[in-house]
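>>> sequence below, structure please.
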Amino acid sequence: MATLKQLKIFIAVAEYKKMSEAAKKLYISQPTVSQVISDLEDEYETQLFNRLSKKLEITPSGLILLNNAKEIVSIHQKLEQTMKTINSQRPLRIGATVTIGNILMATLVEKLNQQHPDIDATVYVDNTKIIEQKILHNELDLALIEGIITRQEITAQPVIEDCMCLICGNKHPFASKPAVCIEDLRHQNFILREKGSGTRAIFENYMLTHQIPYAVKWECTSRCAIIDAVRHNLGLSVLSKQCVIEYAEKGDVIICQVENISMKRFFHLCRNRFHPITSQMKDFTDIVMSISNYGSRPSRQRDSCEL
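Next up is the predicted model:
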């Protein structure tokens, strides 16, 4: 019978597709990882991976073990969490991508604290790629994500409507135009979020679909730094409307209307589908849904949700 340690090593190998990479992530030696996979294959009398030249490819038998292994590890983690906090508060690990962390997470956690003071919530904010990895490795119970989730192990429920908008500085040529067309963006300089950001991925997909070339002059994780660079007329940017509305109201940046183009999107509430649903996860979900109704947040200014 496979041990919990063996299952965790197997899951890491399946995730990273290389024994050396799995060993590095788990802080153990590569021979140890190789021996564990060999022992599991002997134990179950089946091949778990096809050994290709540059990576491992999981077999159908390996997929069966992977699904069951993830479920076993999740149940064990829940048991550990429950027993360690049996006489204290209910722990909840919440993730958020950067845009949501900037505009929404504090409000949600404040409501959670008010309605459920026995829930001990911790919050982790990073870009979509990092949050996705933490969900996959059961380091988060729930997460609100603005980007596109493609992993089948993650369930993603659309809960809150958002829109992205194009912004420029007061001295940019677009500032005096009532509207611009999509072709006006050709070869423009852009100040964008870092690779791995959901906001950036959506923008890049959009420009690729419309075959509009552009230049990335800045990459930045900070909303304030991006807006400040735009304010100094160093380029255009695309951010959530909720991130820029207060700056637009003060006249620091201009929200540009783009003719016949809209970039609405949804924030998604995500979890690992193998993760058992706890009472605190349900309570947080209820709070998210209470402001949702596919819940457009009322904005302080009624601009159209243009690119």
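>>> tell me the buried residues in stretch 151-170?
Neighbour counts over stretch 151-170 (16 or more other C-beta atoms under 10 Å) mark 153-154, 156, 159-169 as buried. Glycine gets a C-beta too; all of them are placed from N, C-alpha and C.
>>> what average pLDDT does that stretch get?
Across stretch 151-170, pLDDT averages out at 92.
>>> sorry, back to before: quick check, nearest of the buried residues of stretch 151-170 to E146?
Ranked by distance to E146 (C-beta to C-beta), the buried residues of stretch 151-170 are led by D162 at 6.8 Å.
>>> so that closest one lies in a helix, does it not?
No: assessed with DSSP: H, G, I helix; E, B strand; the rest coil, D162 is strand; it does not lie in a helix.
>>> ok so, going back, for the buried residues of stretch 151-170, work out which two are farthest apart.
E153 and G169 (42.3 Å).
>>> sorry, back to before: now render the buried residues of stretch 151-170 as a markdown table, adding distance to N272.
Shown next, in a markdown table, are those (distance: C-beta to C-beta, whole Å):
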| residue | distance to N272 |
| --- | --- |
| E153 | 6 |
| I154 | 6 |
| A156 | 11 |
| V159 | 17 |
| I160 | 21 |
| E161 | 24 |
| D162 | 23 |
| C163 | 28 |
| M164 | 27 |
| C165 | 32 |
| L166 | 35 |
| I167 | 35 |
| C168 | 40 |
| G169 | 42 |
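>>> tell me the one of those residues nearest K134?
Nearest member of these to K134, counting by C-beta to C-beta, is I154, at 10.7 Å.
>>> is the closest one in a bridge, and if so with what?
N272 (DSSP bridges).
>>> contacting residues for it?
E132, I135, L136, C270, R271, N272, R273 (C-beta atoms under 8 Å, 6 or more residues apart in numbering).
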